[in-house]
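Trainee: sequence first, then the predicted structure:
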Amino acid sequence: NALKSIETLTKYGIPLTVLTVISKYNYQHLFEFTSTAYHKGIRQVLFQPVIYASNYPELQALDDKSHLNVPSEKLDVLMDELKKIHHFEHRHKINTNVYRILPWISSYLISAASNNGKWFFEDVLKKFTCREVYAIIDIAYDGGIQPCGLARAEVNIRKDKEAGLIALWQQGTAEIREDLENGKYRPYCNACCHHFSRNMLASIVRYPVSNRVALMNMTATLLIRATTKIFTKIYSN
């Protein structure tokens, strides 16, 4: 059904983005999928690992949900697939987020598999900040304002409408903001991967000195990407 929908949208010239969850069932076919997407007219493909925390904070996560991720012993296969996609993107008019997830996806998957209590982002950042609690208003299906997509809502937009959305959002995120400022993370912080690339960028911008290694690596990556895109466009024309 998804493929039929894609074919219909591209037939009528409606642009779309495909978000693919990387799991132990598809990690060895990611390059093939990207190539197929390109030839079907899709121009943006995004990837993310399985978020092993519950996507509905009021409900328990599925048992062994983290085991849906790529096992540690298969990381070399996954990284090879991602690097092939990265090179494919350099030669074709298609955008992916592979360049953004390559720096941290191995650390995330190792942490998910081992559950060793280590914060996976410490492998790529010396100092971390969460952009999401300052940039996104997460409103759940029941009107609860979640501090982030993985956190339980304590404030509801239906209970105090006169206060205004921004005031309610600030109230609902105050505690987690204070904790994060003091380096106190929640268990679900280690399962956060959907927005981590943006959080990584925010951490580099906010703490460039502490994160200078990540800053240099990201700057080099962005320069190479921008230059390649320019040459690809010139070559295509």
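Mentor: Thanks, I have the structure now.
Trainee: tell me the pLDDT of N237.
Mentor: pLDDT for N237: 58.
Trainee: excluding residues flanking it in the chain, which one is nearest Y207?
Mentor: K127 (4.2 Å; Cβ to Cβ, 6 or more residues apart in numbering). Every residue, glycine included, has its C-beta placed from N, CA and C.
Trainee: scratch that, H92
Mentor: Nearest to H92 is Y38, by Cβ to Cβ, 6+ apart, at 5.7 Å.
Trainee: what about the one you found, helix or strand, and which?
Mentor: Assigning secondary structure by DSSP states H and E places Y38 in helix 30-39.
Trainee: quick check: buried residues in that helix?
Mentor: L30, F31, F33, T34, A37, Y38 (16 or more other Cβ atoms under 10 Å).
Trainee: include distance to Y108 and pLDDT when you put the residues you listed into CSV, please.
Mentor: As requested, the buried residues of helix 30-39 are exported to CSV (distance: Cβ to Cβ, whole Å; pLDDT from 0 to 100):
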residue, distance to Y108, pLDDT
L30, 16, 97
F31, 20, 97
F33, 20, 93
T34, 20, 95
A37, 23, 90
Y38, 26, 92
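Trainee: widest-spaced pair of those?
Mentor: L30 and Y38 (12.7 Å; Cβ to Cβ).
Trainee: can you give me the pLDDT of the residue of the chain most remote from its centre?
Mentor: Distance from the C-alpha centroid of the chain, by Cα atoms, centre = their mean, peaks at E162 (34.4 Å). Looking at E162, its pLDDT reads 82.
Trainee: sorry, back to before: quickly run through the sheet partners of the next helix or strand after the helix holding Y38, with directions.
Mentor: As assigned by DSSP H and E, the chain's next helix or strand after helix 30-39 is strand 44-49. Its sheet considered, strand 44-49 pairs with strand 18-22 (parallel), strand 95-96 (parallel) by DSSP bridges.
Trainee: most centrally placed residue in this protein?
Mentor: H194 (2.8 Å).
Trainee: wait, what's in contact with the closest residue to that residue other than its chain neighbours?
Mentor: Among residues not flanking H194 along the chain, Q48 sits closest, at 5.5 Å (Cβ to Cβ, 6+ apart). Counting by Cβ atoms under 8 Å, 6 or more residues apart in numbering, Q48 makes contact with L19, T20, V21, I22, I101, C193, H194.
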